[in-house]
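Undergrad: After the sequence you'll find the predicted model.
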Amino acid sequence: MKNNETLRVAIAETSVIIRSGLTSVLKRLPNFKVQPIELLTVEALNDCLRSQPLDILIVNPSFGDFFDVSRFREDASMRHIRLIALVTSYVDTSLLSKYDASVFIFDSLDTIAGKLAGLLEIEEEEEEAADGQDALSQREKEIVVCVVKGMTNKEIAESLFLSIHTVITHRRNISKKLQIHSAAGLTIYAIVNKLVALSDVKDL
């Protein structure tokens, strides 16, 4: 998505205070033009998904008693929509890993902007991959460095402010582009391409 394009974001949340508050925040994000759509009920969400071209769906995992992420992912017509969990209370972290990202009610404006930028970067990288380009993006290079340093997916996600699902997507794209499927292979690639110094990986 280009910087001058409007980002169409639906917010599925029953609390009017949280929903309206997030709408206000999205409109204030620097470097983004956001068209928010507030959704109060499951019926409104289903109508929106059928009739509106969305880029991002921000949904409370408990929306409609329980938002079925797996079912949403299975629908081919929804696969282009980035899915963000809106966390307003305790949620099992294994559930959050199924989303592309998570926003919390205590997140700052900059944090939310960073998460959206990360999602849009993933989208652009996938479009590039579809066009046959095989060079690693800056974010993918960062993830290679993290893998070479022995970091787990969870540690990478926390370090780069991404969801585990997003890290896994990046790693899958890296493997496809480079045809390298092991940490040892990535280490050699990183050293040869000067992403890391030999001293950074001497203990691996």
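TA: Sure thing, it's come through. Numbering: from 1, shown residues only.

Undergrad: so where is this protein shaky, pLDDT-wise?
TA: 1-4, 122-134, 201-204 (pLDDT under 70).

Undergrad: Next, count neighbours for Ser137.
TA: 19 (other C-beta atoms under 10 Å). The way it works is simple: take the backbone N, C-alpha and C, and place the C-beta from them, glycine included.

Undergrad: hang on, it packs against Glu121?
TA: Yes: the pair Ser137 and Glu121 passes the contact test of C-beta atoms under 8 Å, sitting 7.0 Å apart.

Undergrad: Mind giving me the packing neighbours of the helix or strand hosting Val167?
TA: In the assignment (DSSP states H and E), Val167 maps to helix 164-178. Packed against helix 164-178 by the contact rule (3 or more C-beta pairs under 8 Å, 6 or more residues apart in numbering; DSSP states H and E) you find helix 109-130, helix 138-148, helix 153-160, helix 183-192.

Undergrad: Out of these, which is the most enclosed?
TA: Among the helices and strands packed on helix 164-178, ranked by average contacts under mean count of other C-beta atoms under 10 Å, first place goes to helix 138-148 (a mean of 19).

Undergrad: Between helix 164-178 and that one, find me the angle.
TA: 100 degrees (axes from the mean of the first three to the mean of the last three C-alpha atoms, to 10 degrees).

Undergrad: Mind giving me the packing neighbours of helix 138-148?
TA: So helix 138-148, by 3+ C-beta pairs under 8 Å, 6+ apart, packs with helix 109-130, helix 153-160, helix 164-178, helix 183-192.

Undergrad: of all these, which lies closest to Val103?
TA: helix 109-130 (5.6 Å; C-beta to C-beta).
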